[in-house]
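**Student:** based on what follows, work out the 3D shape:
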Amino acid sequence: MAHAENSITIHRPAREVYDFLADGLNNNAWREGVKSISLTEGAAGEPGALYSQTLTGPGGRPLQGDYRITKAQPGRLLGFEVVAGPARPIGTYTLAEDAGHTIVHFALDAKLPLLMRVMDSMVTRTMQSEVAQAARLKQVLESR
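**Tutor:** I've put the predicted structure just below:
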């Protein structure tokens, strides 16, 4: 199973961080590689909400990476599953507030089909790059 995780402290209240993350339309503000995103089903930030996103794939080609929110506990936990694309990880943002600061733990896990397991290290590197973007999330939120 491919796995990646990262934790970062953001100098903003947990509810503010959560609200920003829960609205997938904010993804292109902090996630490099998001070319376009739209809410196609459900209510923003609610379980069942489906976001259609086009990502920059290998060689700069467009790649679908649509995802659905699976868990939503405002200020504490946001879970999602990727439902389109070659790799379909599940992800969680776990938030813990301490004196107005928020510790965000971002984790991705992908169980690859048998035929894709030869690409496990490449998928893991891609996921590590994705969770490392939490540093950009911090920069964006703290500059607001």
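
**Student:** ranges for the helices of this structure?
**Tutor:** 14-22, 27-30, 120-132, 134-142 (DSSP state H).

**Student:** out of these, nearest to residue 93?
**Tutor:** helix 14-22 (5.4 Å; Cβ to Cβ). The way it works is simple: take the backbone N, C-alpha and C, and place the C-beta from them, glycine included.

**Student:** how about residues contacting that closest one?
**Tutor:** Outside helix 14-22, the residues that touch it by Cβ atoms under 8 Å, 6 or more residues apart in numbering are 10, 26, 44-45, 69, 72, 74-76, 78, 93, 95-97, 102, 104, 137, 141.

**Student:** again, but for stretch 90-102
**Tutor:** Contacts of stretch 90-102 (Cβ under 8 Å, 6+ apart): 9-14, 16-18, 21, 67, 70-71, 75-82, 103-110.

**Student:** now, the residues you listed that are in strands?
**Tutor:** Here DSSP state E is the test, and the contacts of stretch 90-102 give 9-10, 67, 70-71, 77-82, 103-110 as lying in strands.

**Student:** among those, name the buried ones.
**Tutor:** 10, 67, 78, 79, 80, 82, 104, 105, 106, 107, 108, 110 (16 or more other Cβ atoms under 10 Å).

**Student:** using CSV, write out every CA atom in stretch 60-70.
**Tutor:** The C-alpha coordinates for stretch 60-70 follow below in CSV (Å, rounded to 0.1, in the frame of the first residue of the first chain):
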residue,chain,number,x,y,z
GLY,A,60,2.0,18.1,-18.4
ARG,A,61,-1.0,16.2,-19.7
PRO,A,62,-4.4,16.7,-18.0
LEU,A,63,-5.5,14.1,-15.6
GLN,A,64,-8.8,13.7,-13.8
GLY,A,65,-8.6,13.4,-10.1
ASP,A,66,-12.2,13.8,-9.0
TYR,A,67,-12.9,13.2,-5.3
ARG,A,68,-15.8,12.8,-2.9
ILE,A,69,-15.9,14.0,0.8
THR,A,70,-16.5,11.0,3.0
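
**Student:** buried residues, that stretch. List them.
**Tutor:** Neighbour counts using 16+ other Cβ under 10 Å place 63, 65, 66, 67, 68, 69 of stretch 60-70 among the buried residues.
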